[in-house]
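> Following is a predicted model, sequence given first.
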Amino acid sequence: LAKTTQPISMDSYEGQEVNITCSHNNIATNDYITWYQQFPSQGPRFIIQGYKTKVTNEVASLFIPADRKSSTLSLPRVSLSDTAVYYCLVGDIYDTGGFKTIFGAGTRLFVKA
Amino acid sequence: KAGVTQTPRYLIKTRGQQVTLSCSPISGHRSVSWYQQTPGQGLQFLFEYFSETQRNKGNFPGRFSGRQFSNSRSEMNVSTLELGDSALYLCASSLGLAGGSSYEQYFGPGTRLTVT
């Protein structure tokens, strides 16, 4: 059972604001929502993390509604260098062997000039 | 502060051989996790080590093993290599135990393993 659902791909233009929404209907009470960015042939990079309401840092904003069943990563004024895969993570799966971090397929963002 | 380093960056091995990959975490980080990334399966969790003990394990066969040393550096070993083991192997470090927590993970650049 997938913990998160996000669009497979999105296109945008330079200078636009991009919002990527992630659905996580089965989020647990103690789960945080974390977003990572990955460029080709590099390891993922932490972008932002939140539990509820709104979190903002120098890179992005994260909006989380009261029911926490979804979240939206907002990237202001994207540039060509923001072309990457964005992963939404919510908690970990726990089964035989312990906790397993699940990355999912992510959202491939393509920023055009 | 130096980031996570992985060696070697690229490796070519023959089917049936074994391979050892190395990961040095960020100074002060005690947890190291390993992931396999392939175009078909995406990023998959292999295992996590904390204080020299494997704490969490993904769904990979026993050919995949690892260890962590007292300085938190970690190695991953794959024995009897198969063609399907060709992948980008990533390690990530975190301050505390990542599995089941909100600790963010810091990833290295990865080791690109090609099995022929």
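Looks like it came in fine.

> all contacts plus neighbour counts: C-alpha atoms, from now on.
Fine.

> where do the strands sit along chain A?
Using DSSP state E, the strands of chain A run over residues A:9-13, A:18-23, A:33-38, A:45-50, A:53-56, A:61-64, A:70-75, A:84-90, A:93-95, A:98-100, A:107-112.

> so the second one versus strand A:84-90, what angle?
Using axes from the mean of the first three to the mean of the last three CA atoms, to 10 degrees, one finds that strand A:18-23 and strand A:84-90 are set 30 degrees apart in direction.

> Ok, the third one next?
Between the axis of strand A:33-38 and that of strand A:84-90 there is an angle of 160 degrees, by the same axes, to 10 degrees.

> One more: the fourth one?
Compare the direction of strand A:45-50 with that of strand A:84-90 by the same axes, to 10 degrees and you get 40 degrees.

> elements contacting strand A:45-50?
For strand A:45-50, the packing partners by 3 or more CA pairs under 8 Å, 6 or more residues apart in numbering or on different chains; DSSP states H and E come out as strand A:33-38, strand A:53-56, strand A:61-64, strand B:106-107.

> now what about the lowest-mean-pLDDT helix or strand in chain A, what contacts it?
When the helices and strands of chain A are scored by mean pLDDT, DSSP states H and E, strand A:93-95 comes last with a mean of 83. Applying CA atoms under 8 Å, 6 or more residues apart in numbering or on different chains, the external contacts of strand A:93-95 come out as A:99-102, B:100.

> In the sheet, which strands lie alongside that strand, parallel or antiparallel?
strand A:98-100 (antiparallel) (DSSP bridges).

> Run through the residues that contact the residue sitting nearest the centre point of chain B.
Geometric centre of chain B, nearest residue: residue B:34, 2.8 Å, by CA atoms, centre = their mean. Neighbouring residues of residue B:34 by CA under 8 Å, 6+ apart: B:45-48, B:76, B:89-92.

> did I read that right, it in a strand?
Yes - using DSSP: H, G, I helix; E, B strand; the rest coil, the assignment for residue B:34 is a strand.

> since we're on the residue lying closest to it once chain neighbours are set aside, how many residues are nearby?
Leaving out its chain neighbours, the residue that sits closest to residue B:34 by CA to CA, 6 or more residues apart in numbering or on different chains is residue B:91, at 4.4 Å. Residue B:91 has 33 neighbours, counted by other CA atoms under 10 Å in any protein chain shown.

> ditto for residue B:112
Quick note: residue B:112 (other CA under 10 Å) scores 19 neighbours.

> SS state for it?
Assigned with three-state DSSP, residue B:112 falls in the strand class.

> surely it meets residue B:38?
No - assessed by CA atoms under 8 Å, residue B:112 is found out of contact with residue B:38, at 10.3 Å.

> list the contacts for residue 78?
Picking chain A for this. Neighbouring residues of residue A:78 by CA under 8 Å, 6+ apart: A:13-18, A:111.

> The chain in question should be chain B.
Neighbouring residues of residue B:78 by CA under 8 Å, 6+ apart: B:18-20, B:63-65.
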